[in-house]
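J.: attaching a predicted model along with its sequence, questions to come.
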Amino acid sequence: MSTAPKSTSKDALGARRGADVLRRLRESPPAIWYRGEQVKDVTTHPALRGGVHTLAHLYDLQWQHADVTLYASPSSGHRVSRAFMMPKTHEELASISRAMKVWQDHTHGMMGRVPDYISRAMTGYAAGAAFLSEADPRFGANAIRYYEYLRESDLSLTHTLIPPQANRAVNAAKQADPFLAARVKEETDAGIVIRGCRMLATLPISDEIMVFPSTLLKSPEEDAPYAFGFSIPNHTQGLRFICRESVDYGRSHFDHPLGSRFEEMDAVVIFDDVFVPWENIFLYRDVKRCNEAYARTGAVAHMTQQVVVKNIAKSEFMLGLASLLVNSIGAEVFQHIQEKLAELWVNLETMKAFLRTAEVDAKLDEWGVMRPAWNPLDAARNLFPRLYPRMVEIIQQIGASGLVAMPTEADLKGPLAEDIKHYYQAARAEAFDRIPLFRLAWDTALSAFGSRQVLYERFFFGDPVRMAGALVSGHHRQIEEYADKVRSFVRESRDEALEAAPRA
Ligand SMILES: Cc1cc2nc3c(=O)[nH]c(=O)nc-3n(C[C@H](O)[C@H](O)[C@H](O)COP(=O)(O)OP(=O)(O)OC[C@H]3O[C@@H](n4cnc5c(N)ncnc54)[C@H](O)[C@@H]3O)c2cc1C
């Protein structure tokens, strides 16, 4: 399997359509394993095809909204995805959010890993190529060439960062087997060989994988063999993806409205002596640089912009869903229900405000790219993991038993159809309208699909505990400023007290 040096293919014509996505997955199938068997064709496999066809549809959608989602490539002139744009102005930056919202509106934020997430990351890495070149001039050039290849070919990527969850008390080198976590096994003139495992990659049904450096490396010597950043095709020899059980039950859109459409899949990634040519490598054996790369290149800010666009679409969906549930059963008369709708509305407006501030306060960074302001994005990525589980809880509290008193499509078409029509009516909805609405609420708040969404929001951007720690140390100076203000106020009171005559 080829991991040949990347250069812009002469055949690349810019933005793809759904048929191109399906064709590539059939022609170059990654080694995806599901329940003990290697999947021959992800486009037809029952566990994966729902998500695969939605992914393909998103590529058609970008052509249906081409004015918003595409722009002219600076190199070829072809129309390419705006998710690859390196913005130079505030307007260009905001136009990227609008483009990303098209996909998120279609998936209601339920496919966090649509390809623009990593497209933004790779755009950030290429923008900050000079930072990568400080270690080795080849690395910066590789990042730019690879980014241009992605942009012109419109490929989708998954990514993987975390070592397997064996013993979290010690680093990768001190696990029972030093090759448990993916590490460099061999280095040659042509490239490196990787052996071991990475914990997770969402969207294994993509074209390529970006193996990002973990930002939590500590020891410059011990962690060096685990410190690298590269990208390779998913069908590379020796690369294997082991999927979790699908949350698509293989049922109709009526029965399983979200799971049947938006299963993006998560997989453990195994590197069985995978060869990576130097041309595909962006970072290598440099622990300090690996830890700094996201922030310095700007990749993390550009990725988080996508995350907040997703959060907005998801919050809009939760508010709309809750409002329909309330209306259908006449629950708006209760004050606590109004309070819950208000909470969902505030969550949505908070996310919108974070995005707007990140766009308006954006500045040209040291690479000449308009980088979204980090503070509001950092606030958003720390807040949403707490907001989303609460939003799901609100759906459960509003829906109550309605979330389980819910017949299937087969019941509606079966001999009890008349009973169902009668007994499942709601104050403001016929039974046959109420049932699909409550099935949607069940898939949001109760099904395997719904539970996985909650876990995703809690963890996908990192452990919330350590993210909070990073926030406090990252914003230390700002926090100190406020501490100074309070310190002055306390001193004033103290000085006043010391100067004043003792009270009788
Ligand atoms: C649905 C889903 C999709 C994901 N998709 C991807 C993906 O596409 N690519 C990718 O790279 N990653 C992905 N992740 C992984 C994600 O990055 C991790 O879940 C996250 O970084 C936390 O790591 P962990 O899951 O290994 O938890 P662990 O690190 O094993 O933590 C387990 C528990 O121990 C605590 N803990 C562990 N170490 C410490 C410490 N040093 N200090 C304090 N507490 C500690 C944690 O707080 C947590 O409570 C995904 C995760 C989920 C759930």
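T.: On my side now, so go ahead.
J.: show me the strands in the stretch 251-400 of the chain, by range?
T.: Secondary structure of the stretch 251-400 of the chain (DSSP state E, counting those that start in this stretch): strands at 266-277, 281-284, 363-364, 370-371.
J.: list the buried residues of the second one.
T.: I take that to be strand 281-284. Applying a neighbour-count criterion of 16 or more other CB atoms under 10 Å, one finds I281, F282, L283, Y284 buried in strand 281-284. Bear in mind the C-beta positions are built from the backbone N, C-alpha and C, glycine included.
J.: pLDDT score for T8?
T.: For T8, the pLDDT comes out at 52.
J.: and the two most separated of the buried residues of strand 281-284?
T.: F282 and Y284 (8.1 Å; CB to CB).
J.: list residues touching both of these two?
T.: Common contact partners of F282 and Y284 (CB atoms under 8 Å, 6 or more residues apart in numbering): F139, G229.
J.: circling back to that earlier point, and the buried residues of strand 281-284 as JSON lines, adding pLDDT and distance to the ligand?
T.: Below are those laid out as JSON lines (pLDDT from 0 to 100; distance: CB to the nearest ligand atom, whole Å):
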{"residue": "I281", "pLDDT": "98", "distance to the ligand": "18"}
{"residue": "F282", "pLDDT": "98", "distance to the ligand": "16"}
{"residue": "L283", "pLDDT": "97", "distance to the ligand": "15"}
{"residue": "Y284", "pLDDT": "97", "distance to the ligand": "19"}
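J.: need the residues of this structure near the ligand, please.
T.: 158-162, 165, 168, 199-202, 266, 452, 455-456, 459-460, 462-463, 465-466 (CB under 6 Å from any ligand atom).
J.: from the residues you listed, which land in helices?
T.: Using DSSP state H, the subset of these located in helices is R452, L455, Y456, F459, V465, R466.
J.: could you turn the buried ones of these into a PyMOL selection?
T.: In PyMOL syntax, the buried subset of these is picked out as below (16+ other CB under 10 Å):
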select buried, resi 452+456
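J.: which one of the ones in helices among the residues of the chain next to the ligand is nearest to H108?
T.: Using CB to CB, these come closest to H108 at Y456, 13.8 Å.
J.: so what's that closest one closest to, chain neighbours aside?
T.: Distances taken as CB to CB, 6 or more residues apart in numbering put G112 closest to Y456, at 6.1 Å, once the chain neighbours are dropped.
J.: count residues in the vicinity of that neighbour, would you?
T.: 22 (other CB atoms under 10 Å).
J.: repeat for V404
T.: V404, neighbours per other CB under 10 Å, totals 10.
J.: now the one 10 residues further on
T.: By the measure other CB under 10 Å, the count of residues near G414 is 12.
J.: so which bits of the helix of greatest length in the chain are buried?
T.: When the chain is parsed with DSSP H, its longest helix is helix 299-328. Buried residues in helix 299-328, counting neighbours by 16+ other CB under 10 Å, are found at 299-319, 321-322, 324-326, 328.
J.: how far away from the center of its chain is it?
T.: 13 Å (CA atoms, centre = their mean, to the nearest Å).
J.: how about stretch 158-177?
T.: Distance, stretch centre to chain centre, for stretch 158-177: 21 Å (CA atoms, centre = their mean).
J.: what do you get for stretch 95-107?
T.: Relative to its parent chain, stretch 95-107 has a centroid offset of 13 Å by CA atoms, centre = their mean.
J.: quick one: mean pLDDT over it.
T.: 98.
J.: what do you get for stretch 262-269?
T.: 98.
J.: and what of stretch 304-311?
T.: The average pLDDT within stretch 304-311 is 98.
J.: just curious, which of the ones in helices among the residues of the chain next to the ligand is nearest to N291?
T.: The closest of these to N291 turns out to be R466 (CB to CB; 12.8 Å).
J.: next one: the closest one from K174, what distance?
T.: In this view, R466 and K174 are 19 Å apart by CB to CB, to the nearest Å.
J.: skip the chain neighbours and tell me the closest residue to H65.
T.: Using CB to CB, 6+ apart, the nearest residue to H65 is V102, at 4.9 Å.
J.: name the SS class of the residue nearest to Y456, please.
T.: coil (DSSP: H, G, I helix; E, B strand; the rest coil).
J.: pLDDT value on it, please?
T.: On pLDDT, G112 comes in at 95.
J.: what sits against it?
T.: T202, E264, V307, K310, Y456, E457, F460 are the contacts of G112 under CB under 8 Å, 6+ apart.
J.: just checking, R151 touches R79?
T.: No. Using CB atoms under 8 Å, R151 makes no contact with R79, being 11.0 Å away.
J.: who has more neighbours, those two?
T.: R151 (28 against 18).
J.: spell out which helix or strand contains the more buried one, please.
T.: Element membership for R151 (DSSP states H and E) is helix 137-153.
J.: residue contacts, A417?
T.: Shown in contact with A417 (CB under 8 Å, 6+ apart): D411.
J.: swap that for A12, sorry
T.: S76, H78, Y149, E152, S153, D154.
J.: try it again at 6 Å.
T.: E152, S153 (CB atoms under 6 Å, 6 or more residues apart in numbering).
J.: I'd guess it is in a strand, am I close?
T.: No. Using three-state DSSP, the assignment for A12 is coil, not a strand.
J.: pLDDT weak spots in the stretch 401-504 of the chain?
T.: Residues of the stretch 401-504 of the chain that meet the criterion pLDDT under 70 lie in 503-504.
J.: can you give me the helices for it?
T.: Under the criterion DSSP state H, counting those that start in this stretch, the stretch 401-504 of the chain carries helices at the ranges 409-412, 417-423, 431-445, 448-459, 464-474, 476-499.
J.: give me the buried positions along the fifth one.
T.: Neighbour-count burial for helix 464-474, counted by 16+ other CB under 10 Å, picks out P464, M467, A470, L471.
J.: ok, now the third one?
T.: Of all the residues in helix 431-445, those buried under the rule 16+ other CB under 10 Å are 431, 434-445.
J.: do the same with the second one
T.: Of the residues in helix 417-423, those buried by neighbour count under the rule 16+ other CB under 10 Å are I420.
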